[in-house]
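Chemist: I would like the atomic coordinates for the input below:
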Amino acid sequence: MFPIQTFLDRFGALLEQLDALAEDCAVDAAEDLDDLNAEFEDALMLLGECKSDDDPEALSDALEDLKALAGDYRALSGDIPEAAALADQLQMAADMALGNL
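Modeler: So this is what the prediction gives:
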């Protein structure tokens with residue numbers, strides 16, 4: 001059985017760190033980070049609606065969306081260097097979740 005709640009908790013903790021980072025960074029970059037954080041929150045809601053016994057493709061698609069977001073966060077690392085490490089953590093968590101499917 002896929003430990004969805006464990007991964008939701010891990011992703012939620014990363015979102016909290018990214019929200020805190022958005023509060024502490026420059027105004028221009030903060031807007032982009034806030035937008036990505038809103039997308040991340042939406043993706044987590046979709047992931048939370050997936051049940052482990054549902055279609056595994058829906059769960060896989062939700063996790064792939066999180067991996068794509070990790071790339072988007074990484075793209076902000078030029079303006080927000082701290083985003084790179086959090087993007088790496090998001091990428092690793094999504095990869096681990098996909099490996100557990």
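
Chemist: CA atoms for contacts and neighbours, from now on please.
Modeler: Will do.

Chemist: What is the burial count for the nearest residue to D24 once chain neighbours are set aside?
Modeler: The spatially closest residue to D24, leaving aside those adjacent along the chain, is A30, at 8.0 Å (CA to CA, 6 or more residues apart in numbering). Residues lying near A30 (other CA atoms under 10 Å) number 19.

Chemist: try L8
Modeler: L8 has 17 neighbouring residues, counting by other CA under 10 Å.

Chemist: which residues sit against stretch 61-69?
Modeler: With contact meaning CA atoms under 8 Å, 6 or more residues apart in numbering, stretch 61-69 is reached by L36, E39, F40, A43, L46, L47, L90, Q91, A94, D95, A97, L98.

Chemist: who's in contact with C50?
Modeler: Contacts of C50 by CA under 8 Å, 6+ apart are A58, L59.

Chemist: how much space is there between it and P81?
Modeler: Noted for C50: a distance of 33 Å to P81, by CA to CA, to the nearest Å.

Chemist: again with D35
Modeler: As for D35, its distance to P81 is 17 Å (criterion: CA to CA).
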